[in-house]
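A.B. asks: Dropping the sequence and predicted coords here.
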Amino acid sequence: MFSRKCKVDQDYKTELGSIFQTPEEVRTPVSANVKGEVPHWLRGSLLRVGSNMFEVGEDRYNHWFDGLALLLRFNISEGGVTFQSQYLRSDTYKKSLEANRIILSEAGTRAPPDPCKSIFQRIFSCYTDNKDAKTDNNAISWVQLGEDFYVYGESTRIKRVDKNSLDDLNQKFDLSKYMALHTSTAHPQEVANGDTYNMGSNLALKSSYKIVKIPTPNPGCDDPLKDASVVCSIPVSKFHPSYYHSFGMSENYFLFTEQSLVINLMKLKTRNITNSSIMDCFEFRKGQPTRFIVVKRETGEILPIKYTTIPFFMFHHINTYEEDGHLVADVCGYIDGNAFPHLYLNRLRKGIVPKGPQPWRFVLPLTVDQSSPIGTECVQLSNMTASAVKKGDNSLYCMYEPLIDYELELPRINYDHYNTKPYRYAYGMGRLFQDLVKMDIEQKTYKLWHEEHCFASEPVFVPAPDAKQEDEGVVLSAVTTSQESKQAFLLILDAQSFTEIARAEVPSDVPVSVHGMFARDQ
């Protein structure tokens, strides 16, 4: 009913522009041509999701993050690989294709007026909030809760999906049903017993950020979010709340970064009248320092220390852990707030590659000696150069330590064994899909994978069974190409040497995607 043909925009013929086109879905798994040797222990599915349908009828989405969600699956078994993809049959997708136009607004795209409404109906709708108009186009990440799999966006709604068929199971769950939230991140943090923590914002006259605990749902439960509870509510430091995409967590603390990119609430409230998108309401406050808020996991108590640093922007925390009375926080930092505007499709399709973030390390002392004078350096870790200088009672000004002199975005680590713990290696993307990067934090060096005319999605680390070393395993990445003569492929790298051991070439469209996960076969 909703089959789709690949549409190539002839106005954009750059290599980079060629990858931001609407692909066909591949609903029946196709076998890949494997070159090299897939490790015998690697069995499971690389699940990915991204914004990949960029137009509906004559309407076009403006921003890379806005397109309708496409689910992808590489299934790996006994050395063989199959590939399939399917557009998420969200309400947003179905209503838009039935109407042959964009029905619901996304972050960077304002839905055009309904041509079936009179001018008076359109004016009236500018002054009303329709709760049913919240998009369920969850195109950012896959998350496992209990035995089931879900796709997330940055709204409070999640959708249950069959990880094998990629079918939307038509089951939608909303965190705002149980607590006052308007947003939540697509990067919840999981702990050993299967519980997850997430963060969301309540946007109001007195806005707040909330840390939420979601216990492991029982098999067959009717709603995986029904037992969610608020661990801590953090008041917004200024009137306008910060935008954030992720948060940090160590064994005993949560770390929230209230960064300098804010959501102008007045613009947000009047966007129906001004015909503005949500991204039009974002403002980077160059004079507003970024603030770190540290929260005790066990009690939800906010530490009284005020940590501030330079104004900056970030999407992703890499890892957070404790060391000798300090909280070590690694992030992918942008020195300004231009990341969102640089990812509009009209720029990307012209081949304009935005400057990416670099990996930074902040070190936050968990206590402050009140007797020490102003100007005292409070970081006491000799192996790190990050600083935290005392500016007043319980007030520290922090400065980051650069980890490598290269871009790193969409970071991944050996999450199962090293999240919240000291670690050495991280993997990521450099130069907007053009490079894969392995970072050695101890040596402050990096290795690259690069191939001409290839664009690699976020690398996913999969540890080898009974691994003895942190980087013992493989790195998986879905790679698309800009040349019709060259097939897309699943790339399998040896994580230690960061060299190719196999690729599985696919005779189908494999577009770039945002985030994913590896689900092992049981």
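C.D. replies: Structure's in. What do you need? Numbers count the residues shown, from 1 in each chain.

A.B. asks: in this protein, which spans are helices?
C.D. replies: 15-18, 91-99, 119-125, 265-269, 271-274, 345-348, 415-418 (DSSP state H).

A.B. asks: got the buried residues for the fourth one?
C.D. replies: Within helix 265-269, the residues scored as buried using 16 or more other Cβ atoms under 10 Å are Leu265, Lys267, Leu268. Where you see a C-beta, it was placed from the backbone N, CA and C, and this is true even at glycine.

A.B. asks: And those residues, which is closest to Asp324?
C.D. replies: Leu265 (40.6 Å; Cβ to Cβ).

A.B. asks: Not including adjacent chain positions, what is the nearest residue to that closest one?
C.D. replies: Using Cβ to Cβ, 6 or more residues apart in numbering and skipping residues adjacent in sequence, the residue nearest Leu265 is His240, 5.7 Å away.

A.B. asks: dump the residue contacts of the one you found.
C.D. replies: Val262, Ile263, Asn264, Leu265, Glu283 (Cβ atoms under 8 Å, 6 or more residues apart in numbering).

A.B. asks: mind giving me CSV with these and columns for distance to Glu451?
C.D. replies: Below are the contacts of His240 laid out as CSV (distance: Cβ to Cβ, whole Å):
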residue, distance to Glu451
Val262, 39
Ile263, 39
Asn264, 42
Leu265, 45
Glu283, 39
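
A.B. asks: May I ask which two of these are separated the most?
C.D. replies: Longest span within the contacts of His240, Cβ to Cβ: Leu265 and Glu283, 10.7 Å.

A.B. asks: who's in contact with stretch 222-235?
C.D. replies: Under Cβ under 8 Å, 6+ apart, the answer for stretch 222-235 is 145-146, 148, 150, 158, 173-175, 177-179, 197, 206-215, 217, 254, 256, 258, 293, 295, 297, 300-302.

A.B. asks: whoops, stretch 184-195 was the one
C.D. replies: Identification of contacts with stretch 184-195 by Cβ under 8 Å, 6+ apart yields 138, 140-141, 143, 146, 152-156, 175, 196-200, 212-216, 244-247, 249, 316-317, 419, 515.

A.B. asks: ok, now stretch 206-213?
C.D. replies: By Cβ under 8 Å, 6+ apart, the list of residues contacting stretch 206-213 reads 175, 179, 181, 184, 195-202, 228-236, 239, 241-242, 244, 247, 254, 256, 258, 265, 295, 300.

A.B. asks: Could you turn the buried ones of those into a ChimeraX selection?
C.D. replies: The buried residues among the contacts of stretch 206-213 can be selected in ChimeraX (16+ other Cβ under 10 Å) with this line:
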select :175,179,181,184,195,196,197,198,199,200,201,202,228,230,231,232,234,236,241,242,244,247,254,256,258,265,295
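
A.B. asks: and the contacts of stretch 206-213, which of them are in strands?
C.D. replies: Members of the contacts of stretch 206-213 lying in strands (criterion: DSSP state E): 184, 196-202, 229-235, 254, 256, 258, 295.

A.B. asks: if you skip the residues just before and after it, what's nearest to Phe455?
C.D. replies: Leaving aside its sequence neighbours, Phe455 sits nearest to Phe433 (Cβ to Cβ, 6+ apart; 3.9 Å).

A.B. asks: same thing with Thr385?
C.D. replies: Computed as Cβ to Cβ, 6+ apart, the closest residue to Thr385 that is not its neighbour in sequence is Glu401, at 4.6 Å.

A.B. asks: which ones are touching the one you found?
C.D. replies: With contact taken as Cβ under 8 Å, 6+ apart, Glu401 is in contact with Trp360, Arg361, Phe362, Val363, Met384, Thr385, Ala386.

A.B. asks: Out of those, give me the one that has the most neighbours.
C.D. replies: Counting neighbours by other Cβ atoms under 10 Å, Phe362 leads these with 28 neighbours.

A.B. asks: So which residues of the stretch 351-500 of the chain form strands?
C.D. replies: Ranges of strands in the stretch 351-500 of the chain, per DSSP state E, counting those that start in this stretch, are 358-365, 387-392, 395-399, 401-402, 409-412, 425-430, 435-440, 445-449, 454-456, 460-463, 473-481, 488-494, 499-506.

A.B. asks: Revised request: answer the last question for the stretch 51-200 of the chain.
C.D. replies: Along the stretch 51-200 of the chain, counting by DSSP E, counting those that start in this stretch, strands occupy 55-56, 59-60, 68-77, 80-87, 141-145, 148-152, 157-161, 168-174, 183-184, 189-190, 196-202.

A.B. asks: tell me the mean pLDDT for the last one?
C.D. replies: Per-residue pLDDT values across strand 196-202 average out to 98.

A.B. asks: Kindly report the same for the first one.
C.D. replies: Along strand 55-56, the predicted confidence averages to a pLDDT of 96.

A.B. asks: all numbers from here: first residue = 15
C.D. replies: Okay, using 15 as the starting number, the last item reads as strand 69-70.

A.B. asks: ok, that strand: who's next to it in the sheet?
C.D. replies: Sheet pairing here is set by DSSP bridges, and for strand 69-70 it gives strand 73-74 (antiparallel).

A.B. asks: Counting neighbours, what do you get for Asn433?
C.D. replies: Neighbours of Asn433 under the rule other Cβ under 10 Å: 18.

A.B. asks: Identify the residues contacting it.
C.D. replies: Applying Cβ under 8 Å, 6+ apart, we find Asn433 in contact with Gln203, Met263, Asn333, Ile427.
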